[in-house]
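> Dropping a prediction and its sequence here:
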Amino acid sequence: MIDEKLKSVYHDIVSRNPAQQEFHQATREVLESLGPVVAKHPEYLHAKVIQMLAEPERQIIFRVPWADDQGQVHINRGFRIEFNSALGPFKGGLRFHPSVNLGIVKFLGFEQVFKNALTGLPIGGGKGGSDFDPKGRSDAEVMRFCQSFMTELYRHLGEYTDVPAGDIGVGTREIGYLFGQYKRITNRYESAVITGKSTEWGGSQVRTEATGYGAVFFAKEMLEAQNGSIEGKRCIVSGSGNVAIYAIEKLHQLGAIVVACSDSDGFIHDPAGIDLDLLKQVKSVERQRLTTYAERRGGVTHHPAGSVWSIPAEVVFPCATQNELSGRDAASLAKNGCIAVVEGANMPCTAAAIDVFRENGILFGPAKAANAGGVATSALEMQQNASRDSWEFHYTEDRLAKIMSNIHDTCLSTADEFGRPGDYVTGANVAGFKRVAAAMMAFGLV
Ligand code: NDP
Ligand code: 2IT
């Protein structure tokens, strides 16, 4: 429920941003958390900080023309939403997926502001991307697209201004093409202008693994706070991209067993535990579908229809995309004995699903907190670039684990302070909000 004092703020957001359902959903969830904050701190209402936070500082939309291998011309749309720079340069990934539109990029940018604040590192929030579909495209086509995209975007970037990274459809290959074009146009080797670079040319150890590893570190903290353990737990990880693969890797290292994962064509059930080497080979190296995984490994079933959440598991990690876990899926998880849901993707659980978790006492780790390990390690990459240094894997992984542990503790103590003990959603939203709002108030009306 949104507090009476904040209802008109929400209605304004909806009427000023028509047809942007995901953006409405993301702002609504934050407003639902802020009731106890404005009761204690009416100054936020007078200063209209919440309204300011819901309005991006700058929105860039541009044309991206490119030619495919047959010479046919394509026109895509590019976006960069520079949402909030109160705590540092705009920071957040680029998503290449046919579903990308303004509402999706704005919801992602809005979430990023709070997430980045929670890391405690000096980064503001932003997000970008394009409705370009990299699936089935050759390396040369992806390169030409990235070069065209950066030919417009470069003028808005800079290590003190706006620092993109990857997201769905944007991995090390795309970051290479994007950075290469930025370097060529600007004639500057400005390493910290983009993160998620290869470790061969300025990237950080652990950045590739960071989001998935971080989500599992967060889950471990949640279970341990209840005197439980991740060891021996049966898990589901949806998706089979960057976040999913490294969530599975860390779960296996910690003695949990992952029995299912998915892609946009269905899901696999592998009761013996997913063979990670095979999954990496099929999805990351060959860029194939999960049907190929099922063909090469015995004892696995592939399901083109139905829901990955119908499989019994105790701890689950939605790591594919927004709104992939519905109220009905949540009810099925509850019936099958699920004890914790930890979001690796951004906003993968619908509001109805979160209600079901609350009603059934299922622990819930929201994306802003649980998947912050990726962007936190991006900020560590910026630190290494600024000092022209590179850190070792274990040192960097330790830093990540400590950041996740701090975020976890901050969420719990903030939820306690604002009268909703154990509610990580309130904890994450309020703690993130307070940090950004304090800086915005200090800066005055800018
Ligand atoms: P990838 O592109 O590496 O992988 C995405 C995975 O999700 C793929 O398996 C893809 O299936 C599946 N997927 C994507 N869109 C859909 C869809 N509409 N329906 C069904 N399945 C879909 O992306 P990432 O792993 O990087 O990102 C996954 C999620 O994690 C996103 O929500 C992203 O915003 C979030 N995230 C990512 C971070 C990062 O550092 N990369 C950091 C924090 C959050 P298919 O292979 O069929 O396309
Ligand atoms: O959603 C996210 O936090 C990301 N895609 C990572 C952003 C980043 O700048 O590393």
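Arrived safely, thanks for sending. Ligands and ions are numbered 1, 2, ... in the order given.

> Which residue, neighbours along the chain excluded, lies closest to Gly228?
Ile339 (7.6 Å; CB to CB, 6 or more residues apart in numbering). (C-beta placed from N, C-alpha, C; glycine too.)

> residue closest to the middle of this structure?
The chain has Asn346 as the residue nearest its centroid, 4.4 Å off, counting by CA atoms, centre = their mean.

> so where does Phe267 fall, helix or strand?
If you go by DSSP states H and E, Phe267 is part of strand 266-269.

> same deal with Met143?
Using DSSP H and E, Met143 sits within helix 139-153.

> Where does the residue nearest to the centre of the chain sit: helix, strand or coil?
Put simply, Asn346 is coil when judged by DSSP: H, G, I helix; E, B strand; the rest coil.

> Who are the contact partners of it?
107-108, 111, 322, 367, 371 (CB atoms under 8 Å, 6 or more residues apart in numbering).

> From these, list the ones also adjacent to ligand 1.
Subset of these in contact with ligand 1: Asn371, counting by CB under 6 Å from any ligand atom.

> Buried subset of the contacts of Asn346 as a PyMOL selection?
The following PyMOL line selects those of those that are buried, judged by 16 or more other CB atoms under 10 Å:
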select buried, resi 107+108+111+322+367+371
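
> pretty sure Gly128 is in a helix, no?
No: according to three-state DSSP, Gly128 belongs to no helix; its state is strand.

> If we only consider the contacts of Asn346, which is nearest to Thr350?
Nearest to Thr350 among the contacts of Asn346 is Gln322, at 9.0 Å by CB to CB.

> did I read that right, Thr195 in a helix?
No: looking at Thr195 with three-state DSSP, it is coil, so not inside a helix.

> Chain neighbours aside, what residue packs nearest to it?
In space, and not counting its chain neighbours, Thr195 is closest to Ser378: 3.8 Å by CB to CB, 6+ apart.

> so which helix or strand takes in Gly92?
strand 90-96.

> who in the stretch 1-150 of the chain is up against ligand 2?
Going by CB under 6 Å from any ligand atom, the residues of the stretch 1-150 of the chain near ligand 2 are 91-93, 112, 115.

> Tell me which two in the residues you listed are the farthest apart.
The two members of those with the most space between them (CB to CB) are Gly93 and Lys115, at 11.1 Å.

> what's the residue in the stretch 201-350 of the chain that ligand 1 sits nearest to in contact with, if anything?
Nearest to ligand 1, among the residues of the stretch 201-350 of the chain, is Gly241, at 1.7 Å (CB to the nearest ligand atom). By CB under 8 Å, 6+ apart, the contact list for Gly241 reads 168, 263, 283, 319-320.

> Can you tell me which of those has the most neighbours?
Of the contacts of Gly241, Cys319 is surrounded by the most neighbours, 30 neighbours in total, counting by other CB atoms under 10 Å.

> which SSE is that residue in?
Following DSSP H and E, one finds Cys319 outside all helices and strands.

> Please tell me I have it right and it contacts Gly212.
Yes: between Cys319 and Gly212 a contact is recorded at 7.0 Å, counting by CB atoms under 8 Å.

> any shared contact partners between these two?
Counting by CB under 8 Å, 6+ apart, the residues touching both Cys319 and Gly212 are 243-244, 247, 344.
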